[in-house]
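Trainee: Coordinates for the following, if possible.
(2 chains)
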Number of protein chains: 2
Amino acid sequence: MNRQYPRLVLRDSSFRSNARETISRCAACGIQVCGVIKGVNGLPEVARRFRECGVTQLGTSRLEQVERCRQAGIPGPYLLIRIPGPTELPELVRLCEMSLQSERTTLDLLEQECTRQEKSHAVIIMADLGDLREGYWDHEEMVQTCLYVERRLPHVHLSGVGVNLSCYGSVRATPEKMQMLLAIARRVEDAIGRPLEIVSGGATSSYPMIHTGTMPAGINHLRIGENILTAQDIADSWGIHDADYLRNDVFRLEAEVVEVKEKPTYPQGELGADAFGRKPVYEDRGLRLRAILALGRADVGDMETLRPTMPGVTVIGGSSDHCILDVTDAPQPVQVGDVLSFRLCYSHVLYATQRDDVPVVICP
Amino acid sequence: MNRQYPRLVLRDSSFRSNARETISRCAACGIQVCGVIKGVNGLPEVARRFRECGVTQLGTSRLEQVERCRQAGIPGPYLLIRIPGPTELPELVRLCEMSLQSERTTLDLLEQECTRQEKSHAVIIMADLGDLREGYWDHEEMVQTCLYVERRLPHVHLSGVGVNLSCYGSVRATPEKMQMLLAIARRVEDAIGRPLEIVSGGATSSYPMIHTGTMPAGINHLRIGENILTAQDIADSWGIHDADYLRNDVFRLEAEVVEVKEKPTYPQGELGADAFGRKPVYEDRGLRLRAILALGRADVGDMETLRPTMPGVTVIGGSSDHCILDVTDAPQPVQVGDVLSFRLCYSHVLYATQRDDVPVVICP
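Mentor: Now for the predicted structure:
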């Protein structure tokens, strides 16, 4: 199939610039960066660039992506950043050097699997500091688990401790949360009688502390994808509006116009539910010129947060296969066959890269 | 990669039952069914079953899926149910016998492409009856376009007219809307001097009229996927609660528990945004037993509408890779490694089938 549109365009110079700016600022704080490739479905082209820009590991939540990158010749170490289930352990040991962990049951099974494969595997034990995703809520139990790994699991190497924030629970990553993690790390070190290699302070949501210079000393590892891949969320979600060294044009989505017609803006008939079972609210703006793109929620998830690069064009909705635009105020007439482009959020890139009918094109 | 979970389980007997019940009821109303496979990413296993159950065409929005099905030996005709853009026309003519259309520019280019490939191609011209997605808002212009195809485009065959409802504009498909489409069909037939083969009354959202026996005579074609694949939306979205001949267990999603811990229900710390940039609201229900599944929004889109099959279990949230459950009231203890299952909406199946790390397993 010769698919031209929709397509994702990856701007090499912007990716490398974001990666270098982020990694060098982290390095200046004594922090190594795990380059997270799950947001781009483990694209080997992105993994290779992360490596060239100096990440310490490559991280993802899906083992298939590790396999794809290894087959493309991109060297590890690879860190699985989603705590694994028992059925994933054989492939985990085969494919990854390191993983995040939070259950003693799983650690015991991991030891068995390492023995079977005659390999060792490093783990970062996760603390829950209030975001209520994965990790130990009872920190004494966490220290005991670390001690258990250190003393009882010869093939499983306790590499460090970590936390995740601003994910499920929308809890901000703050210096206070980092101090809590450091206190846990010190308790673990006291218990095992040696320093930990890794104290992993979170993901892109912890990056604002690097930007503002408030990251406590001792945190030495972050797992970063979003900040480099889209750099949009650091402003939108984490309130950092002066990180002008980050570019938000790493990815651009281009899609083709399949219809342009003047139509009313308010649906006519008895209103029920839309294609996703929702009951949307519509604003009556009279007759407007509307364009439909061959692009939909199946490709990018949420449509309303797509940002058209052409001024005056707004997204007014869509379906699983359609994106509907108001093009009345576009500076030049929009016609069937025109290609319009969008700046993207992280979730758009996440969905688009997992489709086999959205090609990725790399430009300088 | 030997991926076991998450996985989609397709129950063959339920699919066939839904397909036969739906197709036979449509047939009794003089309506042929185009089996829509886009909701399952064009899975050849589903396309084959649609064919075996008697659909007249196979329909999808993505040409890649047609190619995959053709390569799997599943015969056409294939109908492209998303109006195509100019860049799609070469593959459209190569792969599909028929398409929905709404622009004269595209029809002219289609004629050129048919000439080049020495093939003919059938079209259904779309009317917009208020849902404000694709189609002619000006019905006189639509009649003129049909006449133009009939008289001027020798390789493009005018097969009929059609409409889409309850998609963008959430406009209900009603007998009145069908009468409007029939009136357009009669005007077109008067203009071209012959009967149209197809008057396509919409998608699953038009099926309630079949169920209630209110579909006007003369509508002879529907494009149905959802009704057969999940059968959930006919109740949830279109208000039909007595279609007990349709099964909602065609697809089941199974995922593995990776963590079980007692934790608070209200996040602790300064609240900002979650992983998708949203600011959710949390209910404080005290300490509860929570399970995390290796499954996330990347796999299924919306998490909150997943329906756990185990009573007492509720979905309380998630991230792109995690589904967080409250399992306090589960009838038996939930443990790491347990596999929990869910009934699905159409959009869950849409997203899950496009991932290469969610295997599809067929059971009797």
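
Trainee: residue furthest from the geometric center of chain A?
Mentor: residue A:269 (41.1 Å; C-alpha atoms, centre = their mean).

Trainee: Which helix or strand contains that residue?
Mentor: Using DSSP states H and E, residue A:269 falls within no helix or strand.

Trainee: surely it meets residue B:172?
Mentor: Yes - contact criterion C-beta atoms under 8 Å: residue A:269 and residue B:172 qualify, at 6.1 Å. Bear in mind the C-beta positions are built from the backbone N, C-alpha and C, glycine included.

Trainee: between those two, what contacts are shared?
Mentor: Shared contacts of residue A:269 and residue B:172 (C-beta atoms under 8 Å, 6 or more residues apart in numbering or on different chains): residue B:165.

Trainee: show me what contacts the residue lying closest to residue A:283 once chain neighbours are set aside?
Mentor: Excluding the flanking residues, the one nearest residue A:283 by C-beta to C-beta, 6 or more residues apart in numbering or on different chains is residue A:265, at 6.6 Å. Residue A:265 is in contact with A:282, A:283, A:284, A:285, A:286, A:287, A:288, A:316, A:326, B:132, counting by C-beta under 8 Å, 6+ apart.

Trainee: Look up the closest residue to the residue farthest from the centre of chain A, ignoring the ones flanking it.
Mentor: residue B:171 (3.8 Å).

Trainee: Name whatever forms a beta bridge with the one you found.
Mentor: residue A:271 (DSSP bridges).

Trainee: Quick check: it touching residue B:163?
Mentor: No - using C-beta under 8 Å, residue B:171 makes no contact with residue B:163, being 10.0 Å away.

Trainee: Need the residues touching each of those two.
Mentor: B:129, B:177.

Trainee: Nearest spatial neighbour of residue A:88, chain-adjacent residues omitted?
Mentor: Per C-beta to C-beta, 6+ apart, closest to residue A:88 is residue A:63, 6.3 Å.

Trainee: Could you report the pLDDT at the residue nearest to residue A:269?
Mentor: Note on residue B:171: pLDDT of 86.

Trainee: before we move on, back to that, so how far is residue A:178 from the residue farthest from the centre of chain A?
Mentor: Using C-beta to C-beta, to the nearest Å, residue A:269 is found at 55 Å from residue A:178.

Trainee: picking that back up, from residue B:103, how far off is the residue nearest to residue A:283?
Mentor: Residue A:265 is 20 Å from residue B:103, by C-beta to C-beta.

Trainee: so which of the contacts of residue A:265 comes closest to residue B:126?
Mentor: residue B:132 (12.2 Å; C-beta to C-beta).

Trainee: OK, contacts around the closest one?
Mentor: A:263, A:264, A:265, A:267, A:290, A:324, B:168, B:169.

Trainee: Of those - the most surrounded one?
Mentor: residue B:169 (29 neighbours; other C-beta atoms under 10 Å in any protein chain shown).

Trainee: residues touching that residue, list them.
Mentor: Going by C-beta under 8 Å, 6+ apart, residue B:169 touches A:267, A:268, A:269, A:271, A:274, A:282, B:130, B:131, B:132, B:133.

Trainee: The stretch 151-300 of chain A: strands as residue ranges?
Mentor: In the stretch 151-300 of chain A, the segments counted as strands under DSSP state E, counting those that start in this stretch are A:156-163, A:198-200, A:221-224, A:251-263, A:288-294.

Trainee: looking at the ones you listed, which is closest to residue B:336?
Mentor: strand A:156-163 (16.0 Å).

Trainee: Need the three-state assignment for the nearest residue to residue A:191 once chain neighbours are set aside.
Mentor: Excluding the flanking residues, the one nearest residue A:191 by C-beta to C-beta, 6+ apart is residue A:147, at 4.8 Å. Three-state call for residue A:147 (DSSP: H, G, I helix; E, B strand; the rest coil): helix.

Trainee: can I assume residue A:147 is in contact with residue A:190?
Mentor: No - using C-beta under 8 Å, residue A:147 makes no contact with residue A:190, being 10.1 Å away.

Trainee: More neighbours: the two, which one.
Mentor: Comparing residue A:147 with residue A:190 by other C-beta under 10 Å, the one with more neighbours is residue A:147, at 16 against 9.

Trainee: Look up how far chain B lies from the more buried one.
Mentor: 19 Å (C-beta to the nearest C-beta, to the nearest Å).

Trainee: Would you mind measuring from that residue to residue A:161?
Mentor: 12 Å.

Trainee: now residue A:43
Mentor: Taken as C-beta to C-beta, the span from residue A:43 to residue A:161 is 30 Å.

Trainee: Also residue A:151?
Mentor: 16 Å.

Trainee: Which one's more surrounded, these two?
Mentor: Using other C-beta under 10 Å as the criterion, residue A:151 and residue A:161 rank with residue A:161 on top: 29 against 11.

Trainee: Contacts only, for that one.
Mentor: Residue A:161 touches A:124-127, A:142, A:146, A:181, A:184-185, A:188, A:196, A:198-200, counting by C-beta under 8 Å, 6+ apart.

Trainee: Nearest residue to the middle of chain A?
Mentor: Central residue of chain A (C-alpha atoms, centre = their mean): residue A:39, at 4.1 Å.

Trainee: ok now the helix or strand bottoming out on mean pLDDT in chain A, how far from the chain's centre?
Mentor: Each helix and strand of chain A was given a mean pLDDT (mean pLDDT, DSSP states H and E); the minimum falls on helix A:233-236 at a mean of 74. In this view, helix A:233-236 has its centroid 13 Å away from the chain centroid, taken as C-alpha atoms, centre = their mean, to the nearest Å.

Trainee: do stretch A:204-213 as well
Mentor: 16 Å.

Trainee: Same check on stretch A:355-364?
Mentor: For stretch A:355-364, the distance to the chain centre is 18 Å (C-alpha atoms, centre = their mean).

Trainee: Alpha carbons of that stretch, in CSV - could you do that?
Mentor: Taking Å, rounded to 0.1, in the frame of the first residue of the first chain, the C-alpha atoms of stretch A:355-364 are listed here in CSV:
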residue,chain,number,x,y,z
ARG,A,355,-1.2,2.5,13.6
ASP,A,356,0.1,0.7,10.6
ASP,A,357,-1.6,3.1,8.2
VAL,A,358,0.0,6.3,9.4
PRO,A,359,3.6,6.4,8.0
VAL,A,360,6.3,8.2,9.8
VAL,A,361,8.6,10.4,7.7
ILE,A,362,11.8,11.9,8.9
CYS,A,363,12.8,15.4,7.8
PRO,A,364,16.0,17.3,8.6
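
Trainee: Quick check: buried residues in it?
Mentor: For stretch A:355-364, burial by neighbour count (16 or more other C-beta atoms under 10 Å in any protein chain shown) applies to A:355, A:357, A:358, A:360.

Trainee: Could you confirm whether any residue of that stretch contacts chain B?
Mentor: Yes - residues of stretch A:355-364 contacting chain B under C-beta under 8 Å from any C-beta of the partner chain: A:355, A:356, A:357.

Trainee: any idea how far the last one lies from residue A:38?
Mentor: In this structure, residue A:357 lies at 20 Å from residue A:38, with C-beta to C-beta as the measure.

Trainee: Now do the helices in chain A.
Mentor: A:12-28, A:44-53, A:63-71, A:89-95, A:104-117, A:139-152, A:175-192, A:207-211, A:226-229, A:233-236, A:297-300, A:346-352 (DSSP state H).

Trainee: looking at the contacts of residue A:161, which has the most residues close by?
Mentor: Neighbour tally across the contacts of residue A:161 (other C-beta under 10 Å): the maximum, 30 neighbours, falls on residue A:200.
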